[in-house]
Every structure is written in C-alpha cells, then in structure tokens.
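A.B. asks: model this:
(2 chains)
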2 protein chains.
Amino acid sequence: MLAVTKHLFDDATQVTAGDSRWQGRTSDDYWAFVGPFGGATAATMLRALIEHPQRAGDPLSLTVNFCAPVAQGAFDLDVRLVKANRSTQHWAVEMTQGGADVATLATAVFAERRPSWSHQPAQFPQTTAFEQTLSYAKVAAPWVKQYDFRFVEGEPKFGSSPQAAPATAFSKLWIGDRVPRKIDALSLMSMSDAFFGRVFHARNELVPFGTVSLTTYFHTDAQSLAAENITRVLAIADAKIFHRSYGDQHGELWSPEGRLLATTTQIAYFKA
Amino acid sequence: MLAVTKHLFDDATQVTAGDSRWQGRTSDDYWAFVGPFGGATAATMLRALIEHPQRAGDPLSLTVNFCAPVAQGAFDLDVRLVKANRSTQHWAVEMTQGGADVATLATAVFAERRPSWSHQPAQFPQTTAFEQTLSYAKVAAPWVKQYDFRFVEGEPKFGSSPQAAPATAFSKLWIGDRVPRKIDALSLMSMSDAFFGRVFHARNELVPFGTVSLTTYFHTDAQSLAAENITRVLAIADAKIFHRSYGDQHGELWSPEGRLLATTTQIAYFKA
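C.D. replies: Purely as a prediction, here's the structure:
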C-alpha cells in the first residue's frame, strides 16, 4: 500500500487478528440494496486469509457462497486451514453474526507459484483508453459510488422501456476505485463481483437479484501485481443462460498492458 | 434410473447412508493416473448430498477443492447442511480417509427452482452428429475407458512432436458413458471434469497435471433431465491462460437438442 491515508476499501475490508476466529464489521460505504456489496464481503474474507500468520503463497482461487443476508454491523470469521501441502494451502472461512447460522461460506486455495511454460490464449479486448471513456454517473447504491466504472460497451440503460427481444448481457468496462488504489488481490476479488447483474443488462431493468456463489481464479501474484503498479483493470462480463430464476455470469479482469489477471464466474438468483 | 442392471458409474459413486457421516470406496474402474478420476470423486460427493434425507431442491452449484491425493480404498464423507432458506440449501462436504487430513473439500448449493423469464444467449455449437463422429480410441487411464469421447474438434494428438507455437486448447466433443446411461446431475458433474487437461492440448503432450478446484453450475433440474431422456452431451472446453504452473479451463455441456445443461470451470496445476 502506497497511500498515505487509509483507503475506504481497506477500512471496509478490515479484520482484526485472531487465530481461528477473526472479527470485522460491514461497511456503509460499500453497502448494496439489502446488505453489504458481495465483492467487499469476499475481499474481507480473503483479507483474513492473506493476513493470517499461517498463510503461505498467493491466492489461486476463492469461492464464496452467500448463504443468508449479512446484517449491518459486526461479524465473526471462523478461519480454518483445512490442508497444507508443500506448495498449496486449502482454507475454509465461515462468516457468522451474533452466533447465528453461517451467512457466508468460502473456500480458498493458496499456492506458491513456480516459473513454468506460459501461454495466454485469451485475447486482450479491444478498447478505448480509460481517459477517453466516460465515467458511469448513475449511482444506484452506495458501493457503486466507490468505483469508477467506464463502459466501453454495454453501458446499462435501466429504466428504458423493456424490449421485446432481450438486450445483450455483454459488458466491457474499465473498473478502478473512485479514489485510486493500487490493484492487489483484494481489489481483484472485489472487482470480480463489481459487474452489474447480467439480468439487468439483458432486461434493461433492475429486478430482485442476488449472487449465490462466486468463484474467482487469480492468474497473477502479489509480486507481479506490485510490479504492474496499476489502479484499474479492463473488465468484460457476459452470461450464457437465464433459466428458472437463476442466471450465470463469467468475466475477465485485465491489466491495461494486456495481462489476464483474474477470471471469475458466478451464479445468481433473479426474479423476473 | 431406467437401467435394469446397475451401471458402473453408479457403483463407482456409491455411498452408504449416514446422517452427517457417509462412507464410500474409490473405484478402480474410474481410476486416473495417481488417484480416482476427479469427476467421479465430485459426483460421489454430490450423490451423498442428493441422497441425504434433508436435501431439498436440485443442485445449482458444486465447487470441489482437491486438497490431497485420494488413496485407493475406503473414505468417509462428513456432510453438513450449513444453512437452509426457504428455497436454497448450502452444504459442505469433507472427504477423509482413515481419520487423516481432509483430502477433498466441497461446497454446494441446492435450490427449488421456480418458473421465470428464460433466455439462453449462449449459442449451441455447430457439430457433426454423434453417429457421424468417430470414437476416441487412445485410452491412457481406466476412467477414460468408461466414456465414449467423440471429438468434433480438437482431438488431442499427444506424442506428436511438440510444436514451436502452442496448439489450440479448444475442444468440442460428444461425451457419453461407454455403457449408455441416462444423463442426470451426477453424470453432468462427472462429465464436467472429463475434459482432458487443456495443457495437454496446447502442448500436444501429457505433462504432470492435477485439478485443484472445480466449479460446476447446473442450468437444469432432475425433472427436466428426466424429460430430456438423453445419454450424451455435446461439450466444449477451452483455456484462457497457462501461467506460473497453473492454468484454467471453462466448459459447457449441452443437450443434443441445444439446451445448455451445465457450465463448468476449473483451475489446474501443471508442470511444463
């Protein structure tokens, strides 16, 4: 962290140390409609792992299952190192509030990544430069205000009259923190959930929506990210199917130089 | 199940009932190089959930983290209903052997899926008919023998001399059980891990490889699958990046009629 004052995102995802039990609080700054922004919750759980004294290596994958609404206020994180091998660690994290049922359940893999053959078949998406792309100004929830979204393609047109044919679910956009913050694994985790619901795009309207399970794979490590020294990513997201109240999303987060930093997928509930 | 005699796959993924603790055995029929085929392990864990007396709804998502090699023989499944809401259930399953550390860790979401707006932006891949596509004959491991793979595109050419430029990681193929078996959630789960390692395709050679984390989303339910009454799927898989010893895979499993049944993604270790 190079910032002199603490970034809102770091406040929002703060946790205090424990051994197997950690504490945190939801952030009003990253509040969504009926609970904290899922990306902030995911990043908070990842932070507890990254800051854990037993942690070795870099995050490779994180899956977060959103089991129940998270209420405003304090929460506990039950952090467990499930299995450690020579070069990988498997973790489980459960978020609870006031001793009640599990609200959020995460599993993570950390790895010491060794040099290998390298090949990136995915193509860096063609884009307009960040500076030549307009910021998205319509802020529907507090967490949206924390990001600078600049749509290259697929800017949502919520509130325009619903169409007979579904609109595209594809979006391409620059995502940075509104107050610039150097991209690290925590912000990649959070940004991987910062796409608007694909169903909003496909239907041109806001409908009841909630991410049920989110998985992000990291294709970089702390050292490489520090060397990248970037404050935004080029992101794409799309959907393959909406069916019987659930829809998918898959996305990519790219460095401005064309390095694929993370891939992400989620399944989400919708009512429409 | 319409089969009169029990299918090998059902033997391989058999579990005996418990409440929170279930038992099973690895299957020699679905053995891979150094352990059971991960798809069979994933399907076995899913079976314990589907057969659990408290289970409600259809599988929506399953994430399996392969923490350590699974040894030949008996294993225990510790099955836990983490949270149940009106229409969803969140489960966790841990596989152990002989009281040792966790070998495989899974989280799952089940859902009662309600009618909704339906839209399938993903395109059914163009393909030759199953009957007009040749079976893949080169069997490298026992589990491969249990499937009838028919490559439409991207049949692997292991053993041909490594090329200067990487080959495509994309494959399109029909997948069915060698002894035909009606497709259900269990076989979709298993088949979602039945693609050969993308690194094998990209490098035209077998290298040390292991799936680390696998996530599959189901876009259908038991009733719809029963009505489909199919014994094979059209499947595609591709990779976006191979970097510092890990590579990704994403795939789709389609009904022959063009319904997207499941999407899947995984991150895998490789040595090359």
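
A.B. asks: quick check: angle from the helix or strand containing A:Tyr217 to strand B:209-218?
C.D. replies: Per DSSP states H and E, A:Tyr217 falls inside strand A:209-218. Here strand A:209-218 runs at an angle of 170 degrees relative to strand B:209-218 (axes from the mean of the first three to the mean of the last three CA atoms, to 10 degrees).

A.B. asks: ok, strand A:209-218: who's next to it in the sheet?
C.D. replies: Strand A:209-218 has its sheet partners listed here by DSSP bridges as strand A:58-66 (antiparallel), strand A:260-270 (antiparallel).

A.B. asks: pick the most buried one from these.
C.D. replies: strand A:58-66 (a mean of 26; mean count of other CB atoms under 10 Å in any protein chain shown). All C-beta spots, glycine's among them, are computed from the backbone N, C-alpha and C.

A.B. asks: what's the distance between the residue lying farthest from the centre of chain A and chain B?
C.D. replies: Counting by CA atoms, centre = their mean, the extreme residue of chain A relative to its mean C-alpha position is A:Ala164, 31.8 Å from that point. From A:Ala164 across to chain B, the span is 12 Å (CB to the nearest CB, to the nearest Å).

A.B. asks: I'd like the strands paired with strand A:209-218 as CSV, with mean pLDDT appended.
C.D. replies: CSV is the format used below for the strands paired with strand A:209-218 (pLDDT from 0 to 100):
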stretch, mean pLDDT
strand A:58-66, 98
strand A:260-270, 98
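
A.B. asks: mind listing the helices for the stretch 1-150 of chain A?
C.D. replies: Secondary structure of the stretch 1-150 of chain A, counting by DSSP state H, counting those that start in this stretch: helices at A:8-12, A:38-50, A:142-145.

A.B. asks: low-confidence ranges in chain A?
C.D. replies: Residue ranges of chain A with pLDDT under 70: A:1-4, A:19, A:160-163.

A.B. asks: now the residue nearest in space to the middle of it, what's its secondary structure?
C.D. replies: Most central in chain A under CA atoms, centre = their mean is A:Ser190, positioned 2.7 Å from the mean C-alpha point. Recorded secondary structure, A:Ser190: helix (DSSP: H, G, I helix; E, B strand; the rest coil).

A.B. asks: how many neighbours does the spatially closest residue to it that is not a sequence neighbour have?
C.D. replies: Spatial nearest neighbour of A:Ser190, chain neighbours left out: A:Gly39 (3.7 Å); criterion: CB to CB, 6 or more residues apart in numbering or on different chains. Residues near A:Gly39, counting by other CB atoms under 10 Å in any protein chain shown, number 30.

A.B. asks: again with A:Ala140
C.D. replies: The number of residues packed near A:Ala140 is 14, by other CB under 10 Å.

A.B. asks: measure the residue lying closest to it once chain neighbours are set aside to A:Ala239 for me?
C.D. replies: Of all residues not flanking A:Ala140 in the chain, A:Leu206 sits nearest, at 7.1 Å (CB to CB, 6+ apart). The gap separating A:Leu206 from A:Ala239 is 16 Å, by CB to CB, to the nearest Å.

A.B. asks: more neighbours: those two, which one.
C.D. replies: A:Ala239 (26 against 15).

A.B. asks: right, and the more buried one touches A:Tyr246 too?
C.D. replies: No: checked against CB atoms under 8 Å, the pair A:Ala239 and A:Tyr246 is beyond contact range at 10.8 Å.

A.B. asks: how about the strands in chain A?
C.D. replies: A:15-16, A:21-25, A:58-66, A:74-84, A:88-96, A:102-111, A:147-153, A:171-177, A:209-218, A:232-238, A:242-243, A:246-254, A:260-270 (DSSP state E).
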